[in-house]
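>>> No letters, just coordinates:
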């Protein structure tokens, strides 16, 4: 994996956001938008996925966290690839924890395939995190849950989706959210009317508020 894009905190760092981009993008794709909304004490890490063939795109090589075979609900998934990517994300979390940032001050996030990876990585991490930002995405390997979940039931999850998404169907996001709500206590699913497979100013404002609130809760003892 190439070196991640890192935006250091502008004051003493007490929190971290690790955010995974979508298929075919790089860490640079989201770094400036996230830098504009993060609190000054938060470091932002935007890793770049390894370049590999993607079945969904006729085997073309592009940055991809794991192979995508289909975007149909219930279709075949690249379980070994998802688990390898998850291990890499857990490695990034461990690095921050080793540097003195507690897990409950770390937010995982991502867009599309990166959001799917953020959800899977958070649910299978063994310490409570500050929160998860899951944009225009789905819960991968959903049949493994809730059995595969090792994290706390009350980790806050903010899931967001445009209802005009032609890439990751809105229904896919809705189904993932309703499944998450069946075993997680703090799931928000926000719909953005008219939004396609992208982000918007409204959505980024909501992400900013979610991150701020999640970190406030982690200070006051929630999620310990």
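Thanks, I have it. These numbers were taken from a predicted model, which means no experiment stands behind them.
>>> What helices and strands are in contact with the lowest-mean-pLDDT helix or strand in the chain?
Of the helices and strands making up the chain, the lowest-confidence element is helix 201-219, at a mean of 91, by mean pLDDT, DSSP states H and E. Under the contact definition 3 or more Cβ pairs under 8 Å, 6 or more residues apart in numbering; DSSP states H and E, helix 201-219 sits against helix 28-37, strand 106-111, strand 131-135, strand 157-162, strand 187-192. C-betas here are computed from N, CA, C, even on glycine.
>>> Turn those into CSV, columns for distance to residue 120 and mean neighbour count.
As requested, the helices and strands packed on helix 201-219 are exported to CSV (distance: least, Cβ to Cβ, whole Å; neighbours: other Cβ atoms under 10 Å):
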stretch, distance to residue 120, mean neighbour count
helix 28-37, 19, 16
strand 106-111, 10, 28
strand 131-135, 10, 28
strand 157-162, 12, 26
strand 187-192, 15, 17
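>>> Can I get those in JSON lines including mean pLDDT and distance to residue 22?
JSON lines is the format used below for those (pLDDT from 0 to 100; distance: least, Cβ to Cβ, whole Å):
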{"stretch": "helix 28-37", "mean pLDDT": "95", "distance to residue 22": "8"}
{"stretch": "strand 106-111", "mean pLDDT": "98", "distance to residue 22": "5"}
{"stretch": "strand 131-135", "mean pLDDT": "98", "distance to residue 22": "9"}
{"stretch": "strand 157-162", "mean pLDDT": "97", "distance to residue 22": "13"}
{"stretch": "strand 187-192", "mean pLDDT": "97", "distance to residue 22": "16"}
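>>> Compare these and report which one is nearest to residue 97.
strand 106-111 (7.6 Å; Cβ to Cβ).
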